[in-house]
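Trainee: Coordinates for the following, if possible.
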Amino acid sequence: MHNKILNQIKVLFVEDEELIRKKTVSSLEYIVAEVEEAGNGVEALEKLKNFTPDLIITDLEMPDMDGIEFIKELRQKNNDICIIVVTAHTSEKYLLELIDMHIEKYIVKPINLEKLINALEGCQKLFSESKFYLKELPYGYKYDWNQKILLHNEELISLTKKEILFLELLFKNTNNIVYYEQLQDEVWQNSVMTDNALRSLVKNLRKKLPKDFISNLSGVGYKFV
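Mentor: From the prediction side, this is the model:
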């Protein structure tokens, strides 16, 4: 699915039924930039310690901590994050409990791709386009996804085509390693990536970026620090 805003958001999906969770996560991976999953509210809160989603999709009936308790706990710390509730219930009892929790959308089970896309597009207006087109970096650096330009204190830093592809691949995999195979496929594409060419590209990029911005894992790949 090609949607410039949805393609850049991060989602946490919370559902206790593993088959439904895996299937839905697989669908979401085609729509958004990054998906993490949790089996209940307790796991979700733990996941949020190291993952900052733009949107949370959660079931209501779950063991250990259900969706309502999870949302109550979350709203004590974060009243802004967009939440979509997945439920088999449309009764007044459940809906009334959720009224004051700032729920953006509801998906009535069973979940399918069409319902997911409709709910995500319904939340799209809540995301600032500038937030997703402009990536803030340390020390006054910014990357404009739309114009494919790097700025430092509003001054333009020129980038080659491969430097742009390399940077964007790292940005899309924040907190994850970008393996050499991915660099070959997505940066060098149909040409051959040699060790010298890769080292030269990274060396030149490091001169244009904050210190220690690009970390190398020897024999494995690179990551955005």
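Trainee: Look up the residues forming beta bridges with residue 136.
Mentor: Beta-bridge partners for residue 136, by DSSP bridges, are residue 142.
Trainee: That one: how many residues sit nearby?
Mentor: Residue 136: 9 surrounding residues under other Cβ atoms under 10 Å. The C-beta positions use only the backbone N, C-alpha and C, and glycine is treated the same way.
Trainee: What's the separation between it and residue 30?
Mentor: Distance, residue 136 to residue 30, by Cβ to Cβ, to the nearest Å: 27 Å.
Trainee: For the protein, which element, helix or strand, carries the lowest mean pLDDT?
Mentor: helix 129-133 (a mean of 59; mean pLDDT, DSSP states H and E).
Trainee: Show me the contact partners of the lengthiest helix in the chain.
Mentor: If you go by DSSP state H, the chain has its longest helix at helix 195-208. Contact with helix 195-208 is made by 150, 157, 159-160, 162-163, 166-167, 180, 183, 187-188, 213-214, 216, 222, as judged by Cβ atoms under 8 Å, 6 or more residues apart in numbering.
Trainee: Restricted to helices, list those residues.
Mentor: Filtering the contacts of helix 195-208 for helices - DSSP H - leaves 162, 163, 166, 167, 180, 183.
Trainee: Now restrict the residues you listed to buried residues only.
Mentor: Buried residues within the ones in helices among the contacts of helix 195-208, defined by neighbour count using 16 or more other Cβ atoms under 10 Å: 162, 163, 166, 167, 180, 183.
Trainee: got the contact list for the nearest residue to the fourth one once chain neighbours are set aside?
Mentor: In this case it means residue 167. Nearest-residue entry for residue 167: residue 143, 6.7 Å, with adjacent residues in sequence omitted and distances by Cβ to Cβ, 6 or more residues apart in numbering. Residue 143 makes contact with 134, 135, 137, 149, 150, 151, 167, 171, according to Cβ under 8 Å, 6+ apart.
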